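Trainee: generate coordinates for the sequence data below:
(chains A and B)
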Amino acid sequence: GNSVTQMEGPVTLSEEAFLTINCTYTATGYPSLFWYVQYPGEGLQLLLKATKADDKGSNKGFEATYRKETTSFHLEKGSVQVSDSAVYFCALTASGAGSYQLTFGKGTKLSVIP
Amino acid sequence: EAQVTQNPRYLITVTGKKLTVTCSQNMNHEYMSWYRQDPGLGLRQIYYSMNVEVTDKGDVPEGYKVSRKEKRNFPLILESPSPNQTSLYFCASSYGTGDYEQYFGPGTRLTVT
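Mentor: Below you'll find the predicted structure:
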């Protein structure tokens, strides 16, 4: 079956530091890949996505590139802010029609300190 | 405002007392689903629905029921709650499956004693 593995947290960074959160996946075919973010006390919201190999998703200064050869979708940001403190989830859906399930990683909690 | 709403947001109940968590979306989405979030386990899908009267099991359906009688509503029913169902529950909806963004509700924190 499909699975997503992301780095264990929590991750604590100082403001303006560089962020990388690793994510690797196992899936048949060509999945679509996502990063969702969960701010304290809220539901998840889509941060970015990529639907085919070598695609780069980007939003709010965050980026991730779909690497089929390494089955990875690492999240990066060049300079984090306190407002980026949240839990980040890597996720995938199987390719094609009938992709009814979004498979999540366990989440990585990021804390950014001033 | 486009949104997914859940009620109640917080619920404390006792073992065996039937409860329903409601979910409603105002975006005319066909696809809806329920997840539970537990520490160290991430989000796991309980049930999903592709359209009215069409539902199917996710990864952890035991102890839960759902129904989809109207497009906008997708309630989660716990017929006989047990302490291992203490969790944070999220409802989500989307236009379709695959590449489509899922929109999540704010969550319902359930405690079963």
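Trainee: host element of residue A:29?
Mentor: Following DSSP states H and E, one finds residue A:29 outside all helices and strands.
Trainee: can you give me the pLDDT of it?
Mentor: Note on residue A:29: pLDDT of 79.
Trainee: count of residues packed around it?
Mentor: 9 (other CB atoms under 10 Å in any protein chain shown). Glycine gets a C-beta too; all of them are placed from N, C-alpha and C.
Trainee: need phi/psi at it.
Mentor: The phi/psi pair for residue A:29 (degrees, to the nearest 10) reads phi 70, psi -140.
Trainee: likewise the one 4 residues further on?
Mentor: According to degrees, to the nearest 10, the main-chain angles of residue A:33 amount to phi -120, psi 140.
Trainee: if I look at it, how far off is residue B:21?
Mentor: 30 Å (CB to CB, to the nearest Å).
Trainee: okay, now residue A:10: neighbour count?
Mentor: Residue neighbour count, defined by other CB under 10 Å, stands at 9 for residue A:10.
Trainee: please identify which of residue A:33 and residue B:21 sits among more neighbours.
Mentor: Ranked by neighbour count (other CB under 10 Å), residue A:33 and residue B:21 place residue A:33 first, with 28 against 21.
Trainee: verify the stated contact: that one with residue A:89.
Mentor: No: taking contacts as CB atoms under 8 Å, residue A:33 lies outside contact range of residue A:89: 11.5 Å.
Trainee: overlap in contacts of those two?
Mentor: Listed as contacting both residue A:33 and residue A:89 by CB atoms under 8 Å, 6 or more residues apart in numbering or on different chains is no residue at all.
Trainee: what sits against the residue most central in space within chain B?
Mentor: The residue lying closest to the centre of chain B (CA atoms, centre = their mean) is residue B:34, at 3.0 Å. Contact analysis of residue B:34 by CB under 8 Å, 6+ apart lists B:23, B:45-48, B:58, B:64, B:66, B:74, B:76, B:89-92.
Trainee: ditto for residue B:83
Mentor: B:15, B:112, B:113.
Trainee: check residue A:61 too.
Mentor: Neighbours of residue A:61 in contact, by CB under 8 Å, 6+ apart: A:77, A:78, A:79.
Trainee: which of those residues tops the neighbour count?
Mentor: That'd be residue A:77 among the contacts of residue A:61, by other CB under 10 Å, with 20 neighbours.
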